[in-house]
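**Student:** Build me a model from this:
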Amino acid sequence: MAVNERTNVVLHPYERGQAPAIEEGYVRYLQDELQRIEKTLRSLTVAGIEVLDTPPLNPVKGMVKYNLWDEFGDGSEGLVIYNGSAWVSV
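**Tutor:** Numbers count the residues shown, from 1 in each chain. All right, here's what the predicted structure looks like:
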């Protein structure tokens, strides 16, 4: 079953754009702030529960997703959590 943005939660990562030409002191400040914002948004994307039809490529312990990829081979779907070595049904 394919994931559809109109009927499933799909998280989109933040992508930093090119900074405009401004004074040097402000450039460093803005770069640092944008990097902190990007890091926060990236962690929310990883931590967010979303509907997936394929498992994440690099799962991390504690990650929760809505499984459509038939992790258990029985056709079931639902919430799963990654325990550090395998996906477990919630």
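
**Student:** State the pLDDT value of the residue of the chain most remote from its centre.
**Tutor:** Distance from the centre of the chain peaks at Glu23, with 34.0 Å (CA atoms, centre = their mean). Note on Glu23: pLDDT of 79.

**Student:** likewise Ala86?
**Tutor:** What the model reports for Ala86 is a pLDDT of 95.

**Student:** ok, it - how many residues close by?
**Tutor:** Using other CB atoms under 10 Å, Ala86 is surrounded by 10 other residues. Where C-beta positions appear, they are placed from N, C-alpha and C, glycine not excepted.

**Student:** mind listing the strands for the chain?
**Tutor:** Per DSSP state E, the chain carries strands over the ranges 51-52, 64-67, 78-82, 87-89.

**Student:** which outside residues touch the first one?
**Tutor:** When contacts are defined by CB atoms under 8 Å, 6 or more residues apart in numbering, strand 51-52 is touched by residues Val3, Asn8, Val9, Val10, Lys65, Tyr66, Asn67, Leu68, Trp69.

**Student:** wait, which of the strands of the chain is closest to Gln18?
**Tutor:** Counting by CB to CB, Gln18 lies closest to strand 51-52 out of the strands of the chain; the figure is 30.8 Å.

**Student:** any idea how far Glu15 is from the residue farthest from the centre of the chain?
**Tutor:** 25 Å (CB to CB, to the nearest Å).

**Student:** Repeat that for Asn4.
**Tutor:** The spacing between Asn4 and Glu15, counted by CB to CB, is 22 Å.

**Student:** Out of those two, name the residue with the larger neighbour count.
**Tutor:** Asn4 (10 against 7).

**Student:** OK, contacts around that one?
**Tutor:** Under the criterion of CB under 8 Å, 6+ apart, Asn4 has no neighbours.
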